[in-house]
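**Q** Need the 3D shape of this:
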Amino acid sequence: MAKAPVQVVWFKRDLRIHDHTPLATAAVAGPVLPVFAIEPEQWQTPDSALRHWQFAADSLVDLSTALATLGLPLCLYQGSIVELLAGLKAHYGDLVLHSHQETGNDWSFERDKRVHLWCRQHGIAWQESRQHGVIRGLTRRTGQQTRWEAHWETLMTAPTEPAPRNARVAQGWEQFHHLDTSQLRGLTLGFDTTPCPERQPGGRNEGRALWRSFVTQRGRRYRGSLSKPLLAWEFGSRLSPHLAWGTLSMREVVQSLRRQREKHAEDSQWSRSLRAFTSRLYWHCHFIQKLESEPSMEHQTLHPALSGLRERDPDHPNLTAWKSGQTGVPLVDACMRSLTATGWLNFRMRAMLISHATFGLGLHWHEPALHLARLFTDFEPGIHYPQVQMQAGATGTNALRVYNPIKQAEDNDPSGAFVARWVPELTALPLEWRAKPWALPESLRRRFGFQPGEHYPLPHDFEAEARHWKKMLYDLRRTPEAREDSQAIVDKLASQRRPFAKRAKKAKPANRQQLSLFDDGGLDNA
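**A** The predicted structure is shown next:
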């Protein structure tokens, strides 16, 4: 009887053993070797950062422990995945490669193409599974939205995959194992040393605890807290880094959420909050589909008529001030400093940061996008680049969203507590002047010993700058050629119907026999 090929399970941004189709499939096909390749080039891309690696390292430690309960190791290889596969083939002979599909940045896309080529050249089957509601090869959304929603719903209602209990390990894997998990967190990969002292810890155990506290306690105030930076930290799910790194699967979160919606159906506040969160999970996949269908969005302005507007200048003084939280606009600076320290920020404030950078400071969207990518612990390329371009007005198809930071402070930090925490230079000022300290009357400047431009920077004239760019973008979008390009973008990328989650009158209950986040025997920014 022929020996079964070694089943190589390649972990990427799916660091869990539960609801992991590649692992479950491999376990019934032959001896299993779970691998994670620490590829130096990946961690030197301009949108990678130390905090990403630290979250991944936490999650890999958890994953290694979980695999050990199945009698499986985690082979940690430092080098390219193609090098590892070549070594494994030379050692074992026949292989089958299992992994999830990934919609990542340009580097991961090119890496996957190299893996496809290598597998084809060496007769290796590569079985890729979906974990998000993204359709490979989808070239247009017009006329396909119902199909896309049906695919999303089919995937999210399918039974979750329990962790395999009878997996056999491939012998001799130790020679490819370069690191112990105890070495991961201190691994030097050439990162900058920007600290993130309040970073969310990674790992499935952390993700499950966070989710449990959200659906049993914190989530009731979710809907009313989304826009407010202090309240969103407490009452938002903050599950997004766990979805980005796959310590929890989208499917198990959706199914668990639907069970909670049934449970809280008679509580209107819970019901509204969980319904709002459901729509966020749908939009998570919707935005990743945009980058899947148009990978150039990572580097190029989507709308041709808008591509030459702003200069890309990594040394622009406005960019330097924005990145360091020294623009002189308190809410903007508070958000940037908070994000630098914690790695997380609520969606409204993220949108305001991009709006201020591109409309208020006249910066090209690309350098701000890279800086924010490095700061977001939950950086998800498929959400990040389409969202940045949309908020910067670069898609040419959406209404221009220009956030006035003074109004945002009044609406979303009315007590001034968020600004006071992150911009302590202003704590001595009366509340009514914290959002615009440059306008402090001379008499109050003397009373409080505060001089704008000396104790805190004077801001750029962001309101005049925003009016300039709004007019320019609207004028450019009105030309016949621009309108044609806009329609082509809508046809290819836009969702032209309301999300399934919002249309559904009642959430479809999940199979109660399926494993959930609460019986673990087995979001973009939410």
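
**Q** Kindly check the end-to-end length of stretch 472-482 for me.
**A** 13 Å (CA to CA, to the nearest Å).

**Q** for stretch 326-333, same thing?
**A** Stretch 326-333 has its terminal residues 6 Å apart, counting by CA to CA.

**Q** Strands of the stretch 151-300 of the chain, start to end?
**A** For the stretch 151-300 of the chain, no strands are identified by DSSP state E, counting those that start in this stretch.

**Q** typed the wrong thing, it's the stretch 1-150 of the chain
**A** Under DSSP E, counting those that start in this stretch, the stretch 1-150 of the chain gives strands at 6-10, 32-38, 75-78, 95-100, 125-129.

**Q** Can you tell me the strand partners of the last one and which way each runs?
**A** Pointing back at strand 125-129 there. Applying DSSP bridges, strand 125-129 is found paired with strand 95-100 (parallel).

**Q** Kindly report the same for the shortest one.
**A** Here the strand partners of strand 75-78, with direction, are listed using DSSP bridges: strand 32-38 (parallel).

**Q** how about JSON lines for the strands of the stretch 1-150 of the chain, with mean pLDDT and mean neighbour count added?
**A** (Glycine included, C-beta is placed from N, CA and C.) Output for the strands of the stretch 1-150 of the chain, formatted as JSON lines (pLDDT from 0 to 100; neighbours: other CB atoms under 10 Å):
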{"stretch": "strand 6-10", "mean pLDDT": "98", "mean neighbour count": "25"}
{"stretch": "strand 32-38", "mean pLDDT": "98", "mean neighbour count": "24"}
{"stretch": "strand 75-78", "mean pLDDT": "97", "mean neighbour count": "21"}
{"stretch": "strand 95-100", "mean pLDDT": "98", "mean neighbour count": "22"}
{"stretch": "strand 125-129", "mean pLDDT": "97", "mean neighbour count": "15"}
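
**Q** Throw the ones you listed into a markdown table and include distance to residue 199, thanks.
**A** Formatted as a markdown table, those follow (distance: least, CB to CB, whole Å):
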| stretch | distance to residue 199 |
| --- | --- |
| strand 6-10 | 26 |
| strand 32-38 | 19 |
| strand 75-78 | 22 |
| strand 95-100 | 25 |
| strand 125-129 | 30 |
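
**Q** Out of those, flag the one nearest residue 365.
**A** Evaluated over these, closeness to residue 365 peaks at strand 95-100, with 29.3 Å, by CB to CB.

**Q** mean confidence for stretch 329-339?
**A** The average pLDDT within stretch 329-339 is 98.

**Q** Revised request: answer the last question for stretch 108-118.
**A** Rounded mean pLDDT across stretch 108-118 is 97.

**Q** CA atoms only for it - export them in CSV, please.
**A** Extracted C-alpha coordinates of stretch 108-118, given in CSV (Å, rounded to 0.1, in the frame of the first residue of the first chain):
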residue,chain,number,x,y,z
SER,A,108,2.0,38.4,0.1
PHE,A,109,0.2,38.4,-3.3
GLU,A,110,3.6,38.0,-5.1
ARG,A,111,4.7,35.5,-2.5
ASP,A,112,1.6,33.3,-3.2
LYS,A,113,2.3,33.5,-6.9
ARG,A,114,5.8,32.2,-6.3
VAL,A,115,4.3,29.3,-4.2
HIS,A,116,1.8,28.5,-7.0
LEU,A,117,4.6,28.4,-9.5
TRP,A,118,6.8,26.2,-7.4
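
**Q** What residues of that stretch count as buried?
**A** Within stretch 108-118, the residues scored as buried using 16 or more other CB atoms under 10 Å are 108-109, 111-112, 115, 118.

**Q** List the contacts of it.
**A** 12, 39, 42, 80-82, 85-86, 97, 102, 124, 126, 295, 381 (CB atoms under 8 Å, 6 or more residues apart in numbering).

**Q** which residues in the stretch 1-150 of the chain form helices?
**A** Remark: helices assigned in the stretch 1-150 of the chain by DSSP state H, counting those that start in this stretch are 21-27, 50-68, 81-92, 106-121, 145-157.

**Q** ok, residue 4 - how many residues close by?
**A** Neighbourhood size, residue 4 [other CB atoms under 10 Å]: 12.

**Q** residues in contact with it?
**A** 29-31.

**Q** for the stretch 151-300 of the chain, which spans come out with low pLDDT?
**A** 193 (pLDDT under 70).

**Q** how about the helices of it, start to end?
**A** For the stretch 151-300 of the chain, applying DSSP H, counting those that start in this stretch gives helices covering 204-216, 222-225, 229-235, 240-244, 250-263, 268-293.

**Q** swap in the stretch 301-450 of the chain?
**A** 317-324, 330-342, 347-355, 366-375, 381-391, 405-412, 417-422, 431-434, 442-448.

**Q** Save the ones you listed as CSV, and put in distance to residue 184 and mean neighbour count too.
**A** Conversion of those to CSV gives the following (distance: least, CB to CB, whole Å; neighbours: other CB atoms under 10 Å):
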stretch, distance to residue 184, mean neighbour count
helix 317-324, 29, 17
helix 330-342, 22, 24
helix 347-355, 29, 23
helix 366-375, 20, 22
helix 381-391, 23, 25
helix 405-412, 38, 18
helix 417-422, 31, 20
helix 431-434, 42, 16
helix 442-448, 49, 12
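
**Q** Of these, which is nearest residue 19?
**A** That would be, of those and by CB to CB, helix 381-391, which comes in at 19.6 Å.

**Q** Just list what that closest one packs against, helices and strands only.
**A** The elements that helix 381-391 packs onto, with contact taken as 3 or more CB pairs under 8 Å, 6 or more residues apart in numbering; DSSP states H and E, are helix 268-293, helix 347-355, helix 366-375.

**Q** Residue 463 is nearest to which of the ones you listed?
**A** Closest among the helices and strands packed on helix 381-391, once you apply CB to CB, is helix 347-355, at 12.3 Å.

**Q** related to what we said a few turns ago, list just the nearest of the buried residues of stretch 108-118 to residue 424.
**A** Distance to residue 424 across the buried residues of stretch 108-118 (CB to CB) is lowest for residue 108, with 39.7 Å.

**Q** Would you check how far apart residue 66 and residue 185 are?
**A** In this view, residue 66 and residue 185 are 18 Å apart by CB to CB, to the nearest Å.

**Q** Of the two, give the one with the bigger neighbour count.
**A** Ranked by neighbour count (other CB under 10 Å), residue 66 and residue 185 place residue 66 first, with 21 against 12.

**Q** Spit out the contact partners of the nearest residue to residue 49 once chain neighbours are set aside.
**A** Nearest non-adjacent residue to residue 49, counting by CB to CB, 6 or more residues apart in numbering: residue 374, 3.9 Å away. Going by CB under 8 Å, 6+ apart, residue 374 touches 46-49, 51-52, 194.

**Q** Next one: residue 374 from residue 299, what distance?
**A** According to CB to CB, residue 374 stands 16 Å off from residue 299.

**Q** And for residue 268?
**A** From residue 268 to residue 299 the distance is 45 Å (CB to CB).

**Q** Same check on residue 8?
**A** For residue 8, the distance to residue 299 - CB to CB - is 32 Å.

**Q** Reformat the helices of the stretch 301-450 of the chain into a markdown table and put distance to residue 469 next to each item.
**A** Putting the helices of the stretch 301-450 of the chain into a markdown table (distance: least, CB to CB, whole Å) gives the following:
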| stretch | distance to residue 469 |
| --- | --- |
| helix 317-324 | 13 |
| helix 330-342 | 16 |
| helix 347-355 | 10 |
| helix 366-375 | 14 |
| helix 381-391 | 13 |
| helix 405-412 | 15 |
| helix 417-422 | 25 |
| helix 431-434 | 27 |
| helix 442-448 | 32 |
